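> When you get a sec, could you give me coordinates for this:
(2 chains)
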Protein chains: 2
Amino acid sequence: MVEVIKVGGSLAEDSVNLITLCQELGALAKSHKMLIVPGGGKFADVVREFYRNFDLPDTVAHKMAILSMDQFALFLSSITPNSQTTYVLEEARGLSSTGILPIILPSNLMFQKDHLEHSWDVTSDSITAYIAGLLLAKKLILVTDVDGIFTEDPKKDLDARMIEKLSVNELLDWNKRTSVDKFLPRILLKTRVDCYVVNGKHPERIKAILKGEKTICTRIIF
Amino acid sequence: MVEVIKVGGSLAEDSVNLITLCQELGALAKSHKMLIVPGGGKFADVVREFYRNFDLPDTVAHKMAILSMDQFALFLSSITPNSQTTYVLEEARGLSSTGILPIILPSNLMFQKDHLEHSWDVTSDSITAYIAGLLLAKKLILVTDVDGIFTEDPKKDLDARMIEKLSVNELLDWNKRTSVDKFLPRILLKTRVDCYVVNGKHPERIKAILKGEKTICTRIIF
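Next comes the predicted model:
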């Protein structure tokens, strides 16, 4: 059973913390079967800019954004010891069994069998959940630059309160922007994988989730 | 015989002009066998930023930058009538014979048989020249946002003078930044394809080059 971890693009804003996180993930892969799906980060931000400036079709922007994930994957691999990029999920499963940390290049998979909606509601969160579903993963860990899902945007509102547990249905009805994309709860309802949203600036929290221990994060429950 | 045209990423800074250019190119493909190789533009700029911030290996940055060209290709195709993206040069040649404008996605080709140096001296100019060589193209047209190669940077120096003809050896010995990448003359020496640097804000100049007529541009000669 492999655990699927998304490393969010926003973490690249702080290079020291991201390098530390990647070193920890590379080490954790020796004792936990896990794989990384990359975010899109700044690479995807440029796609959004072109989408707006040139009024691009959603399907084209979606493909361009998936290439941003490939770029982020290549980048992550170069700063993550004990890692290897792959286009193929079965190869990733094999690598994780030998203690190597696979980093997925999602383009081939998503260009060939993408059953997801092509819109900005589907970003790397939903794509990671989709991959977790294909792999029948037990845990899906979305690593971001905030502690979890908040009642309000924690970067703007001091009164924002982190939510420890949130049901998929509550997330479906959520009408505010959160740290995860809008489509995620719809995929989780199908794949029924346990999902955690956690802060990558504290790698020990990821370790705790992998071990099934209590830590600071948001758990999305059914 | 197919003509190879690179559409530079900097042209996306002016959306109206770029859309006009792409419409003209789509129309020209009906009477000229030609294909497009994309630049990297803002997508490649983000790669440069990561390269600096994370001290990435050249080989990794090179691959990430080639994915930027795929992104720009998808983008160009969505604003170019009568165009089709392809990973395969032979397919591109076939499309161009039927009057369709192929836009190359260079990643597969470059990841598989890349004999070029992996450094920032090799950008989409050199990659386009390499592809022109593989296709035994007669003309290589580098479309950029300035009139050609200048004695000084025309965006900074009012005394900058455009050079109508420049030999490959002069370009090899050139020690200033120009509108083309540093590796280009080395590839041109091998492929011996006629190379033109031209301003994409004046599509009629590209048409003149395709027809063998005199126009404002820099021609690189042997």
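> gap between the two ends of stretch A:197-214?
In stretch A:197-214, first residue to last residue: 13 Å (C-alpha to C-alpha, to the nearest Å).
> Buried residues of it, list them for me.
Neighbour counts over stretch A:197-214 (16 or more other C-beta atoms under 10 Å in any protein chain shown) mark A:197-203, A:205-210 as buried. Any C-beta I mention is one placed from the backbone N, CA and C, and that applies to glycine too.
> Now do the host helix or strand of A:Arg205: everything it contacts.
Element membership for A:Arg205 (DSSP states H and E) is helix A:203-211. Helix A:203-211 is contacted by residues A:3, A:5, A:20-21, A:24-25, A:28, A:32, A:34, A:139, A:141, A:143, A:196, A:198-200, A:214-217 when judged by C-beta atoms under 8 Å, 6 or more residues apart in numbering or on different chains.
> Which two among the buried residues of stretch A:197-214 are spaced furthest apart?
Within these, A:Lys201 and A:Leu210 form the most distant pair, 17.0 Å apart (C-beta to C-beta).
> With chain B in mind, check whether the lengthiest helix in chain A reaches it.
As assigned by DSSP state H, the longest helix anywhere in chain A is helix A:58-79. Yes. Using C-beta under 8 Å from any C-beta of the partner chain, helix A:58-79 reaches chain B at A:Val60, A:Lys63, A:Met64, A:Leu67, A:Ser68, A:Asp70, A:Gln71, A:Leu74, A:Phe75, A:Ser77, A:Ser78, A:Ile79.
> what distance separates that helix from the middle of the whole chain?
Distance of helix A:58-79 from the chain centroid (C-alpha atoms, centre = their mean, to the nearest Å) equals 12 Å.
> Adjacent strands (with direction) for the following helix or strand past that helix?
Using DSSP H and E, the helix or strand that follows helix A:58-79 in sequence is strand A:83-86. Here strand A:83-86 is paired, per DSSP bridges, with strand A:101-104 (parallel).
> going on from the strand it pairs with, what's the next piece of helix or strand?
Downstream of strand A:101-104 (by DSSP H and E), the next one is helix A:107-112.
> Just the buried ones from the contacts of helix A:203-211, in PyMOL syntax?
Buried subset of the contacts of helix A:203-211, written as a PyMOL selection, criterion 16+ other C-beta under 10 Å:
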select buried, chain A and resi 3+5+21+24+25+28+32+34+139+141+143+196+198+199+200+215+217
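> Narrow the contacts of helix A:203-211 to those in strands?
If you go by DSSP state E, these have A:Glu3, A:Ile5, A:Met34, A:Lys139, A:Ile141, A:Val143, A:Tyr196, A:Val198, A:Asn199 in strands.
> quick one: which of these is nearest A:Thr98?
Checking the ones in strands among the contacts of helix A:203-211 one by one against A:Thr98 (C-beta to C-beta), the nearest turns out to be A:Met34, at 12.5 Å.
> that older thread, any idea which of the buried residues of stretch A:197-214 is the one closest to A:Asn169?
A:Val197 (16.5 Å).
> Could I get the pLDDT score of the closest one?
For A:Val197, the pLDDT comes out at 97.
> Show me which residues of chain A sit near chain B.
So chain A meets chain B at A:12, A:15, A:19, A:42-43, A:45-47, A:49-50, A:53-54, A:56-57, A:60, A:63-64, A:67-68, A:70-71, A:74-75, A:77-79 (C-beta under 8 Å from any C-beta).
> residues contacting the residue of chain A most remote from its centre?
Farthest-out residue of chain A from its mean C-alpha position, per C-alpha atoms, centre = their mean: A:Phe54, at 27.8 Å. By C-beta under 8 Å, 6+ apart, A:Phe54 lies in contact with B:Ala12, B:Ser15, B:Ile19, B:Phe75, B:Ser78, B:Ile79.
> follow-up on the earlier one: neighbour-wise, give me the winner out of the residues of helix A:58-79 next to chain B.
A:Gln71 (32 neighbours; other C-beta atoms under 10 Å in any protein chain shown).
> can you pull the contacts of that one?
A:Phe43, B:Val47, B:Met64, B:Leu67, B:Ser68.
> Wait, the third one touches A:Leu74, no?
Yes. Using C-beta atoms under 8 Å, B:Met64 and A:Leu74 qualify as a contacting pair, with a distance of 5.2 Å.
> how big is the angle separating the helix holding A:Arg205 from strand A:139-144?
Interaxial angle, helix A:203-211 versus strand A:139-144 (axes from the mean of the first three to the mean of the last three C-alpha atoms, to 10 degrees): 170 degrees.
> tally of neighbours for A:Phe111?
Here the number of neighbours of A:Phe111 (other C-beta under 10 Å) works out to 11.
> swap that for A:Trp174, please
By other C-beta under 10 Å, 14 other residues sit near A:Trp174.
> mind checking pLDDT for it?
pLDDT at A:Trp174 comes out at 86.
> check contacts around it.
A:Trp174 neighbours (C-beta under 8 Å, 6+ apart): A:Pro185.
> ok, it to A:Val4 distance?
The gap separating A:Trp174 from A:Val4 is 22 Å, by C-beta to C-beta, to the nearest Å.
> Am I right that A:Ile220 is in a strand?
Yes. The assignment for A:Ile220 (DSSP: H, G, I helix; E, B strand; the rest coil) places it in a strand.
> Just list whatever residues bridge to it.
A:Leu166, A:Cys195.
> Just confirm it contacts A:Ile163, I think it does.
No. In this structure A:Ile220 lies outside contact range of A:Ile163 using C-beta under 8 Å: 9.6 Å.
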